[in-house]
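Peer 1: next come a sequence and a model predicted from it.
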Amino acid sequence: MVKSDIIIGLILTVLGVAVILHAQSFPDIPGQEYGAAVFPVIAASALAACGLLLAFKALRRRATVPEGVDVAHSMAGITPAGWLKGLATIALALFYCLFSDQLGYIIAMGLVLVGGMMLLGVRWWVAILISAIAIFAIHELFVVLMRVPLPRGTIIPF
Amino acid sequence: MLAIEKAVGLVATPSVLISVFLASVFGILIGAIPGLTATMAIALLVPFTFFMDPLPAVGAMIACSAMAIFAGDIPSTLLRIPGTPASAAYTDEAYAMTRNGQAETALGANLMFSAIGGLFGTAVLIVAAPALAEVALQFSSFEYFWLAVLGLTCAIFIGAVSPLKGLISLFIGLLVSTIGLNNPAGVPRFTFGYTELMGGIEFIPAMVGLFAVSEVLRAMVHGAIDLPMTQRKIGNLFANWGKMVKTYWRQQLRGNTLGTAIGILPGAGADIAAWVAYALSKKMSRTPEKYGKGHVEGIIESTSANNAALGGAWVPALVFGIPGDSITAIVIGVLFIKGLNPGPTLFINNPENIYAVFLIFILANLFMIPLGWAAMKGAGYILRVPRRVLMPLILGFSIVGSFAVNNATYGIVIMLVFGVLGFLMEENEIPVAPCILGIVLGPLVEENFVTSMIKSNGSFLAFFERPIAGVLGVFTILVVLSPLISMVVRRMRGPATKTA
C-alpha cells in the first residue's frame, strides 16, 4: 500500500500542476477578476496538495514499517493472466467502437459477448447461446422499443 | 387538494405504473446478485430513463433504488456478501442467523422493517420537504455555495475509511466537471480542440463506466468466483412478523427516526445510517452480549434505518438539489437532463409533480412486500446466476446504453475511460462515490462561487455575512476540520492512557 500511495500521490501532484499551467491560457473576461480559470485552478491546487500529502504520509509510514511487512496491495495479487484478461476486455470494447459501424451491431456485439464469456471460462457453445439471446433482447429493447439506431453495418446490412 | 388530485392522475397511468413495476423487478434482481450494487442498478437503468417522460423516469429510479437497497439484504443474509454497502453493517449478524438455521426470520425481518422504514422516511419527506422549500426560497448564491460544499464534505468525512482519498476522488470529479463550454464565462476548457468535448463529459456514460464497467474489469482481472450457499430452503417469511413488531417496536422506531435524520443530512445516506443504527442498537440493548451471534434485534434497527434514510436523502435532493448519496446524485443529474431542475421552485411551480413523486415512494414500498417475498423464495436461483456469464452481459449492456444517449460512439469511449479510471481508483482504495458527487455538484459549486465572488467584489468574508450562510459556513468548516480535531484529542489523551 505504501509504494503505490507514493506513486499515486506524485502522479496527482503532476496532474494538478499541469492543469494549473494549462488554465493560465484561458482568456479573462474584460473588467472581471473571476474568469474561467478560477475554479479549475482551485480544484487542481487542492488535488495537487492532496497528492503531496498522500505521498508524504506514505513516506513517513515507510520509515516506521519494517521492510517486507507492507499491507498487501489488492493489485499485487493480480496474476499476469488476470492483467491480460483486463486488457482484453478493454480491447473488446474498443473493437466495438472501431468496427461496429462496418460489422453492424449484431456481429460486433456477438464478438464482445462471446469473447468476454470465453475469457472467464464459459464453454463456447453456452457462450454463443446466451449471447444470441442477449443480443436479441437488447435489440428488442433499444431498437424496437426505444428507437435507438444501433449500427446496421455496411458489410452484411440487415 | 387540487394538486394531489392531479398527482393521482399523473401516477395512475399505465406508463408510470408499468415502469415503476419493471424497475422494481430490475432493482430487486440487481440488488440481490452479490457484487452488483444499488448504484450499479441505477447506473444501468439511467440510459432507459433517457427515453422516458420525466415522471415515469423518476418513478423508475425511485422504485429501483428502494428495491435494490432492500434486496441487498438477501445475499448478505444467505451468503455473507452484502448486496449493497447499506447492508454491510449487519451482514455478519444476519449470516450468523442463517448458520443457526433462522434465515427466514432474518429475511422476514429485513422485508417487513425495510418496507415500514421506507414508508416512515416517505412520511417525513412529505411533511418536511415543502416546509424546507419555503425556507430555501430565501437562499442566495452564498447559501447554495455552502450547501453544496457541505454536501461534498459530509460525503467525505463521515464514515470514510480515508478522508484524504475521498477528497482526491472529489477533486478528480470537480475537475472533470469543468471540461467543456458549460461555465460562467462560456470559455472552452480542457477540450484540446475536440468538438465532442465542447459539450462537457456526458454524465450518463461516465457514471455507467465508474459503477458498472469498473466492476466488470475487476471480475475479469481478479476472476469471477461463485460462492456456495449454506441454507437453500427458505421457510415461511411471515411467521414471526407479529411477534417481532410487538417485541421490537422501540428499536424499529429508533431506527426509523435515526435513519431519516441521517438521510436528510446532505452527503450522508443509507449505508452510514445502517452502521450508526447498528452501533446504537447494541449500545442501548439490554442483551448486548447476543449481538454478532445471530440476534435479530440489531438487524431490525439497522434495516429500519437504511430504508428510512433513502426517503430522508430525498429531502435535500428535491429541496436544494444537493444529493444525499451517490444514488440521489445520479437522479439529480437525470432531473437536470429532463429539465426538472430540483430546488424550491419545483414545489411552487409544479406541486403536482412533487406529490406524484411522493405517491411513487409509497407505491414502491408497497410493491416491496410481494416482490421481496418472491425474490426471497427464488433466492436460490438468483444467487446461482454465474458471474462469469453476467459480467460480459453487463459490459454489452453498458456499451449499448452509453451509445444510446447521443447515438454516438463517443459515449462508449467516455464509458471505457471512466471504467478504467474507476477500476484503478477502487484498486487503490480511492472511493468512487465522491467523484460522481463532484461531477454532479461541480457546476453548481462553481456557478455559486463565482457569482458570490463577483457580488462581494472578491471578499471572502461576504460568505459569512448572511445569518444562514454564516451558520452553514461555520458548520462546514467544523466538518472539514473534524479529523484534525479528533487527532488532537487522541494525542492529548494518548499519554494519559499510557500512564494509566
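Peer 2: Received the coordinates, thanks. Note that the structure is a prediction, hence the values are computed from the model and not measured.
Peer 1: and the helices in chain A?
Peer 2: Per DSSP state H, chain A carries helices over the ranges A:2-23, A:38-64, A:80-103, A:105-119, A:124-139.
Peer 1: just name the most buried of the ones you listed.
Peer 2: By mean neighbour count, with neighbours taken as mean count of other Cβ atoms under 10 Å in any protein chain shown, helix A:105-119 ranks first of these at a mean of 22. Placement of C-beta: from N, CA and C, glycine included.
Peer 1: elements contacting it?
Peer 2: helix A:80-103, helix A:124-139, helix B:214-222, helix B:387-406 (3 or more Cβ pairs under 8 Å, 6 or more residues apart in numbering or on different chains; DSSP states H and E).
Peer 1: give me that answer again for 6 Å
Peer 2: The contact analysis (3 or more Cβ pairs under 6 Å, 6 or more residues apart in numbering or on different chains; DSSP states H and E) places helix A:105-119 against helix A:80-103, helix A:124-139, helix B:387-406.
Peer 1: now stretch B:129-145: buried residues?
Peer 2: Residues B:129-130, B:132-133, B:136, B:139, B:141-145 are the ones in stretch B:129-145 that count as buried (16 or more other Cβ atoms under 10 Å in any protein chain shown).
Peer 1: and stretch B:410-427, by the same measure?
Peer 2: Those would be B:410-416, B:418-423, B:425-427, for stretch B:410-427 by 16+ other Cβ under 10 Å.
Peer 1: of those, list those near chain A.
Peer 2: B:412, B:416, B:427 (Cβ under 6 Å from any Cβ of the partner chain).
Peer 1: residue ranges in the chain under the pLDDT threshold?
Peer 2: Reading this off chain A. A:1, A:31, A:65-73, A:156-158 (pLDDT under 70).
Peer 1: that was the other one, I meant chain B.
Peer 2: Within chain B, the segments meeting pLDDT under 70 span B:1, B:83, B:154-155, B:157-161, B:226-233, B:267, B:324, B:494-500.
Peer 1: need the contact list for the most centrally placed residue in it.
Peer 2: For chain B, the residue nearest the mean C-alpha position is residue B:327 (3.5 Å; Cα atoms, centre = their mean). When contacts are counted by Cβ atoms under 6 Å, 6 or more residues apart in numbering or on different chains, residue B:327 touches B:39, B:42, B:65.
Peer 1: filter those residues down to the ones in helices?
Peer 2: Those of the contacts of residue B:327 lying in helices (DSSP H): B:39, B:42, B:65.
Peer 1: could you dump the helices and strands packed on helix A:105-119 to CSV with distance to residue B:302?
Peer 2: CSV is the format used below for the helices and strands packed on helix A:105-119 (distance: least, Cβ to Cβ, whole Å):
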stretch, distance to residue B:302
helix A:80-103, 35
helix A:124-139, 37
helix B:387-406, 27
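Peer 1: enumerate the residues of chain B near chain A.
Peer 2: Residues of chain B lying near chain A by Cβ under 6 Å from any Cβ: B:51, B:164, B:167-168, B:171, B:174-175, B:178, B:183, B:185, B:187, B:189, B:217, B:220-221, B:224, B:388-389, B:392-393, B:395-396, B:399-400, B:404, B:407, B:409, B:412, B:416, B:427-428, B:446, B:450, B:453-454, B:458.
Peer 1: buried subset of the residues you listed?
Peer 2: Buried subset of these (neighbour count, 16+ other Cβ under 10 Å): B:164, B:167-168, B:171, B:174-175, B:178, B:183, B:185, B:187, B:189, B:217, B:220-221, B:224, B:388-389, B:392-393, B:395-396, B:399-400, B:404, B:409, B:412, B:416, B:427-428, B:446, B:450, B:453.
Peer 1: please report phi then psi for the closest residue in space to residue B:404 that isn't next to it in sequence.
Peer 2: In space, and not counting its chain neighbours, residue B:404 is closest to residue A:148: 4.4 Å by Cβ to Cβ, 6 or more residues apart in numbering or on different chains. For residue A:148, the backbone dihedrals (degrees, to the nearest 10) come out as phi -90, psi 130.
Peer 1: one more: residue B:180?
Peer 2: According to degrees, to the nearest 10, residue B:180 has phi 110, psi -170.
Peer 1: where does residue B:236 sit: helix, strand or coil?
Peer 2: coil (DSSP: H, G, I helix; E, B strand; the rest coil).
Peer 1: how many other residues sit next to the nearest residue to it once chain neighbours are set aside?
Peer 2: Distances taken as Cβ to Cβ, 6+ apart place residue B:104 nearest to residue B:236, at 6.3 Å, with adjacent residues excluded. Neighbour count of residue B:104, defined by other Cβ atoms under 10 Å in any protein chain shown: 21.
Peer 1: and residue 118, what does it touch?
Peer 2: You didn't say which chain, so I picked chain A. Residue A:118 touches residue A:127, counting by Cβ under 6 Å, 6+ apart.
Peer 1: nope, chain B please
Peer 2: Residues in contact with residue B:118, defined by Cβ under 6 Å, 6+ apart, are B:66, B:307, B:365.
Peer 1: cool, and residue B:296?
Peer 2: Neighbouring residues of residue B:296 by Cβ under 6 Å, 6+ apart: residue B:109.
Peer 1: next: residue B:77.
Peer 2: By Cβ under 6 Å, 6+ apart, the residues touching residue B:77 are B:94, B:98, B:106-107.
Peer 1: at 10 Å what do you get?
Peer 2: By Cβ atoms under 10 Å, 6 or more residues apart in numbering or on different chains, residue B:77 lies in contact with B:83, B:87, B:90-91, B:93-98, B:102-107, B:109-110, B:230-231, B:234, B:299, B:376, B:379.
Peer 1: okay, and which of those map to helices?
Peer 2: Per DSSP H, these map to helices at B:91, B:93-98, B:103-107, B:109-110, B:299, B:376, B:379.
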